[in-house]
Each structure stands twice: as C-alpha cells, then as structure tokens.
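Give me coordinates for this.
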Amino acid sequence: QVQLVESGGGLVQAGGSLRLSCAASGRTFDDYVLAWFRQAPGKEREFVATIGRHSFTQYADSVKGRFTISRDNAKNTVYLQMNSLKSEDTAVYSCAARRTPFTSWREGEYAYWGQGTQVTVSS
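The predicted model follows:
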C-alpha cells in the first residue's frame, strides 16, 4: 500500500509556471505507475499525465508541450512541471498510483490517491 501527499499548488497568472510534487510512502515506489488527474469546478475529473516504471510518459492532448511529468525514485516523488498555464488549467490536481507494469489514463484503474492540491490560474 502507498500513501500520497501532494504539494506545490497555488495562485499563478496566466502564462506562468508551477511545479507540483507528490510524495509517496512505502519502500516499493519503483513498482508503481504514477499519474496526475485534475478536477475543475462543476466538471468530472480528467487525466493529465502518467509515467511508468521506466519513465515512459503519456499526456492529455490539452497539456502536451506545456506540462512535464517526471519521477525521482530515490525520493519517492513524482512531479508535474506546468508551464504556459491557462485559466482553463484551474483545478484540483491529484496524484494517483497503481502497482502494475502498465500506464493508464483511466482513473478507475488507480487504487491509490492523494488528497489533491488547488491550482488557480488568473487571466
């Protein structure tokens, strides 16, 4: 089992950058696929990015070229670097983990979730 704690959210102007972090507990972090999802007010939660055990990555079309997901297995941490932020990126961002070899964009396939961190982009 793994516990996830996000940090790094906040208020930023459009065009700015933020880096989110998600620290995981446990000694088998290397075995997990990690992902970021987000939920805007009044909308369903949506996939943002995922990173596999060997750093294979996938992104939602809406963030490709602007967001970068990465992981530091020595620190049990996954990051989401967000550049060129837009007002439509405003949401609660949550990290998630699944202990399988395969990445996924489907939230139902992730067993472990953090509590989320708010990102607000002002226009």
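
Grab the nearest non-local neighbour of the most centrally placed residue in the chain.
Geometric centre of the chain, nearest residue: Trp36, 2.3 Å, by CA atoms, centre = their mean. Residue nearest to Trp36 in three dimensions, not counting chain neighbours: Val48, with 4.2 Å by CB to CB, 6 or more residues apart in numbering. All C-beta spots, glycine's among them, are computed from the backbone N, C-alpha and C.

what about that neighbour, how many neighbours?
25 (other CB atoms under 10 Å).

can you confirm it is in a strand?
Yes: according to DSSP: H, G, I helix; E, B strand; the rest coil, Val48 belongs to a strand.

Check what pLDDT it gets.
The per-residue pLDDT reported for Val48 equals 98.

can you give me the strands in the chain?
4-7, 10-13, 18-24, 33-39, 46-51, 57-59, 67-72, 77-82, 91-98, 112-113, 117-122 (DSSP state E).

Between these, which one is closest to Arg106.
Arg106 lies closest to strand 46-51 among the strands of the chain, at 7.6 Å (CB to CB).

Identify all contacting residues around the closest one.
33-39, 57-60, 63, 67-71, 78, 80, 93, 103-107 (CB atoms under 8 Å, 6 or more residues apart in numbering).

now swap in stretch 64-73 and tell me
29-30, 34-36, 48-51, 55, 57, 59, 77-85.

quick revisit: filter the contacts of strand 46-51 down to just the buried residues.
33-38, 58-60, 63, 67-69, 71, 78, 80, 93, 103-104, 107 (16 or more other CB atoms under 10 Å).

Give me the distance from stretch 71-84 to the chain's centre.
Centre-to-centre, stretch 71-84 and its host chain are 8 Å apart (CA atoms, centre = their mean, to the nearest Å).

With stretch 97-116 instead?
Offset of stretch 97-116 from its chain centre (CA atoms, centre = their mean): 10 Å.

Only the buried residues of it, if you could.
So stretch 97-116, judged by 16+ other CB under 10 Å, has buried residues 97-98, 103-104, 107, 110, 112-114, 116.
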